[in-house]
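1. Fold the following for me, if possible:
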Amino acid sequence: MSVAVYCPHCITRCLVGDAHLGGQVKCSKCRNTFLARPVSAGDLPSTEPIPTTAGSLRLGIAGVTSTGQKRSRNEDSFLIQHLTWFENDNYQLGLIIVADGVGGHASGDVAAALVIRTLGSELVPLVCGALTKPSEELTRKKLAASIDDALKKANKAVHDKAATSPRFKGMAATAAVVLIWHGRVVIGHVGDCRVYHIHAGQLGQLTKDQTLVGRMVELGKLTPEEARTHPGRHDVSQAIGSRTILEPAQYKSKIVPGDWLLVACDGLHSQVDDKILEATVKHAPPSAYLLATRLVDLADKAGGSDNCTVVAVRCY
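-> Numbering: from 1, shown residues only. Sure, this is the predicted structure:
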């Protein structure tokens with residue numbers, strides 16, 4: 001009799017005989033070996049388990065930021081945590097946060113920094129805890145809940161800080177939070193920072209801009225081309241700290257060797273369109289730092305009307 005088990009490396013459903021339960025078997029898809037343990041099909045996909053190791057996947061992560069050509073200060077902040085170790089197998093975890101002080105508002109740099117510190121204090125221990133806690137019970141749903149909770153705490157921190165002084169009144173920030181756990185990607189998103197996934201040379205935008213103009217494009221009232229130059233294109237419909245209630249968006253994806261992830265503030269996509277972005281990544285050197293630097297330089301040379309921050313993740 002055959003029993004369904006799930007490969008911890010690629011989450012492929014495999015059928016194995018009763019005699020092989022509790023022993024090492026080889027995945028029919030990724031060919032990695034794993035301990036055969038039955039998993040209820042009802043657990044997928046809503047509570048899809050995170051792979052227990054990264055298999056052959058390796059990560060290179062780097063961030064670059066620029067004040068731009070028009071601004072006098074940089075209101076962006078970013079955080080990178082990359083935890084990798086080898087212990088009879090390969091383990092790759094990453095935490096990336098990009099926060100952008102809402103342009104034109106008082107103390108945007110203070111808001112972005114507070115977002116980074118609050119999110120970091122909540123999520124860095126989660127990543128480091130992988131060294132001491134078994135990950136068999138970890139799911140993308142649980143990771144998404146942790147990110148959502150952290151973003152709401154950041155919202156309260158910024159909102160409360162804004163009430164302490166007139167110079168902080170109205171401050172807020174947009175943010176993208178990316179957790180990479182052995183090839184699975186979980187994203188929390190507020191505002192118009194973006195997360196891109198480049199797979200097989202094709203650029204895809206994982207997040208959806210939370211802007212009024214973006215909503216008009218969805219409703220067919222504006223074309224994407226008209227949206228690029230619309231005077232209200234930077235008006236976000238939601239930002240961290242602007243209101244007491246925050247509803248972050250959630251996204252998920254998978255990465256494999258050969259892919260790239262980009263996490264960037266709106267200073268990139270306001271200056272560099274998707275065609276140029278895709279072509280730049282296609283011809284990128286095998287270095288996350290060099291790609292992030294190249295993209296920030298492109299934004300500056302295209303006008304640099306805003307601060308620009310890019311965190312690049314090379315998957316190899």
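2. and the closest residue to A264 other than its chain neighbours, how many neighbours?
-> Using Cβ to Cβ, 6 or more residues apart in numbering and skipping the chain neighbours, the partner closest in space to A264 is V310 (4.6 Å). For the C-beta atoms, the positions are set from N, CA and C on the backbone; glycine is no exception. V310 has 30 neighbours, counted by other Cβ atoms under 10 Å.
3. what helix or strand is V310 on?
-> strand 308-315 (DSSP states H and E).
4. ditto for K156
-> helix 140-162.
5. cool, E278 as well?
-> Here E278, judged by DSSP H and E, is contained in helix 274-282.
6. isn't A36 right up against D18?
-> No - at 10.0 Å, A36 does not count as touching D18 under the criterion of Cβ atoms under 8 Å.
7. Show me how the record splits the chain into domains.
-> 2-43, 59-315 (automatic domain parsing).
8. Can you tell me which of those domains is nearest to T52?
-> domain 2-43 (4.3 Å; Cβ to Cβ).
9. quick one on the thing from earlier: let's have the domains of the chain in CSV, adding mean pLDDT and distance to P49.
-> What follows is the domains of the chain, written out as CSV (pLDDT from 0 to 100; distance: least, Cβ to Cβ, whole Å):
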stretch, mean pLDDT, distance to P49
domain 2-43, 68, 7
domain 59-315, 93, 6
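10. Include distance to T52 when you put the ones you listed into TSV, please.
-> Output for the domains of the chain, formatted as TSV (distance: least, Cβ to Cβ, whole Å):
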stretch	distance to T52
domain 2-43	4
domain 59-315	6
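11. highest average neighbour count across these?
-> Counting by mean count of other Cβ atoms under 10 Å, domain 59-315 has the highest mean neighbour count of the domains of the chain, with a mean of 19.
12. all helices of the protein, in order?
-> Assigned by DSSP state H, the helices in the chain fall at 108-128, 140-162, 212-218, 224-229, 266-269, 274-282, 288-301.
13. Compare those and give me the one nearest G63.
-> Judging the helices of the chain by Cβ to Cβ, what sits closest to G63 is helix 288-301, at 6.1 Å.
14. and the angle for the closest one with strand 308-315?
-> 150 degrees (axes from the mean of the first three to the mean of the last three Cα atoms, to 10 degrees).
15. contacting residues around helix 288-301?
-> The contact list for helix 288-301 (Cβ atoms under 8 Å, 6 or more residues apart in numbering) reads 60-66, 68-69, 260, 262, 264, 267-268, 270-272, 276-277, 280-281, 284-285, 308-314.
16. go on, stretch 200-216?
-> Contacts of stretch 200-216 (Cβ under 8 Å, 6+ apart): 174, 176, 185, 187, 189-198, 222, 227, 230, 232-238, 249, 251, 253, 258, 274, 277-278, 281-282.
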